[in-house]
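[1] fold the following, please.
(one chain, ligands or ions: 1)
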Amino acid sequence: MSVDRSSTLPALTAEQAAHSARVVRALRAAIAAHSGWLPFDDYLRLVLYAPGLGYYSAGSAKFGTAGDFVTAPELSELFARCLAAQCAQILDSTGGEMVELGAGTGRLALGLLTRLAELGRTPARYGILEVSAELRERQQRTLQQLPAELRSRVHWLDALPPSPIAGVLLANEVADALPFRRFVVSAGDVYERGVALSEDGALIDADRPAATALASEVRRIAPQEWPAHYLSEVCPLMAPWIGALAAALARGALLLIDYGLPRHEYYHPQRDRGTLRCHFRQRAHEQPLLYPGVQDITAWVDFTRVAEGAVDAGLEVAGYCTQAAFLLATGIESEVAAAESVIARARAASEARALLLPGEMGENFKVMALTRGLDAPLRGFALQDLRRTL
Ligand SMILES: C[S@@+](CC[C@H](N)C(=O)[O-])C[C@H]1O[C@@H](n2cnc3c(N)ncnc32)[C@H](O)[C@@H]1O
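    Numbering: from 1, shown residues only. Predicted coordinates:
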């Protein structure tokens with residue numbers, strides 16, 4: 001996501017305030033039902049995904065300059081065209097189909113299918129697994145733009161395919177949207193940060209001693225020398241999620257693109273406020289209890305955890321590099337040069353800068369390829385190999 005880091009947040013509209021008040025009422029009930037303390041991952045399940053209430057399930061704009069954040073496929077078609085070059089190489093070897101997780105507005109699917117058709121490498125089927133009913137409708141509207149023959153290959157899934165596929169599984173900015181837990185280490189003791197209510201009914205952070213499983217996980221992953229007060233997060237769902245995706249892949253690759261770090265950088269002693277970010281109207285901030293249901297809440301991805309989950313599930317970590325290195329290796333420069341007019345080229349060059357520059361999306365975003373049964377080196381990782389950092 002690309003956002004301004006300004007600290008001033010726009011006020012809620014009357015409609016947003018009314019929606020958020022409904023979400024707060026549901027949260028109060030959930031907190032009461034959990035004896036006064038809600039783990040942060042349960043808080044996220046409610047504020048992001050509860051039907052009719054959650055940020056992703058209800059109708060807020062979310063994507064694009066009129067929404068809360070801009071993702072790479074929303075920013076530029078160049079992203080889909082480069083990714084298509086990588087998918088084409090994989091499909092050349094496996095044939096078969098593609099499944100996209102969390103397809104947002106459908107822009108990536110639109111760009112990928114269009115470019116794959118130009119390359120003569122259209123997948124037999126293109127499945128979309130989307131948890132948000134509202135976004136599923138938006139995807140259906142976006143993909144109306146495809147020619148009928150291509151559109152007929154697209155279908156929506158309610159779960160991962162029961163029979164493993166040959167081809168490509170793809171998730172851009174989905175791993176960061178999985179519910180995560182928060183922890184605090186203070187004076188060497190591990191606490192879990194959840195959500196409770198103040199005496200006057202406001203949502204507040206509340207820490208309590210971590211259960212044994214979380215405490216030992218934190219000790220496994222985090223630095224030897226703790227700063228005096230260390231706040232971060234961990235995503236226990238990640239390995240099971242990767243395991244489920246691995247089980248759905250008979251042969252081919254799972255491509256994950258997200259902002260994230262290898263573990264030793266993620267849990268660096270100096271990163272003592274974690275990586276949680278909220279996104280509201282193009283502003284990034286760190287107050288997840290503000291505006292429940294009308295702002296996005298994410299955390300960066302611990303790519304070492306992803307790799308561990310993949311290896312446990314029998315996949316090979318075939319590539320890991322920055323988004324910039326991946327896009328350069330998959331031909332972003334020739335895509336810009338091929339723009340049809342001087343004006344189109346200038347626009348494409350400016351979009352490419354946002355996708356490539358270290359201060360924008362180029363370095364914080366990483367691409368990871370997890371494969372089964374593929375021998376040839378993947379094109380997208382030819383310029384950089386960061387696997388040793390995991
Ligand atoms: C930040 S958006 C990214 C959307 C899109 N991939 C893009 O790059 O523009 C996260 C997307 O993941 C979906 N999502 C979240 N958790 C999911 C899951 N477990 N399985 C499938 N989709 C999920 C959300 O509804 C949303 O479409």
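[2] wait, residue 154 sits on residue 126?
    Yes - counting by CB atoms under 8 Å, residue 154 does reach residue 126; the two are 4.8 Å apart. C-betas here are computed from N, CA, C, even on glycine.
[3] what sits in contact with each of those two?
    Common contacts of residue 154 and residue 126, defined by CB atoms under 8 Å, 6 or more residues apart in numbering, comprise 109, 113.
[4] higher neighbour count, those two?
    residue 126 (25 against 22; other CB atoms under 10 Å).
[5] for the longest strand seen in the chain, packing partners?
    Ranked by residue count under DSSP state E, the longest strand found in the chain is strand 249-261. Packed against strand 249-261, as judged by 3 or more CB pairs under 8 Å, 6 or more residues apart in numbering; DSSP states H and E, are the following elements: helix 77-94, strand 165-172, helix 238-247, strand 301-302, helix 303-312, strand 365-372.
[6] now it and helix 238-247, what's the angle there?
    150 degrees (axes from the mean of the first three to the mean of the last three CA atoms, to 10 degrees).
[7] which bits of the protein sit near the ligand?
    Proximity of the chain to the ligand, by CB under 6 Å from any ligand atom, involves residues 56, 71, 73-74, 101-104, 108, 129-132, 135, 172-174, 177.
[8] need phi/psi at residue 197.
    Torsion angles at residue 197 (phi, psi; degrees, to the nearest 10) stand at phi -120, psi 140.
[9] quick one: contacts for it?
    28, 31, 36, 203-204.
[10] quick check: PyMOL command selecting the buried ones in the residues you listed.
    Only the buried entries of the contacts of residue 197 go into this PyMOL selection, using 16 or more other CB atoms under 10 Å:
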select buried, resi 31+203
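[11] in the longest strand of the chain, what counts as buried?
    Counting neighbours by 16+ other CB under 10 Å, one finds that the buried residues in strand 249-261 are 249, 251-261.
[12] farthest-separated two in the residues you listed?
    251 and 261 (29.6 Å; CB to CB).
[13] coming back round to it: angle of the longest strand of the chain against strand 165-172?
    Using the same axes, to 10 degrees, strand 249-261 lies at 10 degrees relative to strand 165-172.
[14] pull up the pairing partners for strand 249-261, direction included.
    Sheet pairing of strand 249-261 (DSSP bridges) gives strand 165-172 (parallel), strand 301-302 (parallel), strand 365-372 (antiparallel).
[15] of all of this structure, which residue lies closest to the ligand?
    Nearest to the ligand in the chain, going by CB to the nearest ligand atom, is residue 102, at a distance of 2.3 Å.
[16] got the contact list for the residue nearest to that residue when sequence neighbours are not counted?
    Nearest residue to residue 102, sequence neighbours excluded (CB to CB, 6 or more residues apart in numbering): residue 174, at 3.7 Å. Neighbour list for residue 174: 101-102, 256, 258 [criterion: CB under 8 Å, 6+ apart].
[17] need those in CSV with pLDDT, can you?
    Formatted as CSV, the contacts of residue 174 follow (pLDDT from 0 to 100):
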residue, pLDDT
101, 98
102, 96
256, 98
258, 97
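[18] just curious, which of these is nearest to residue 181?
    So of the contacts of residue 174, ranked by how close each gets to residue 181 (CB to CB), first place is residue 258, at 18.0 Å.
[19] wouldn't that closest one be in contact with residue 365 here?
    Yes - Residue 258 lies in contact with residue 365 (CB under 8 Å); the separation is 6.7 Å.
[20] quick check, central residue of this protein?
    In the chain, the residue lying closest to the centroid (CA atoms, centre = their mean) is residue 173, at 2.2 Å.
[21] so what does that one have for phi and psi?
    Dihedral angles (degrees, to the nearest 10) for residue 173: phi 60, psi 40.
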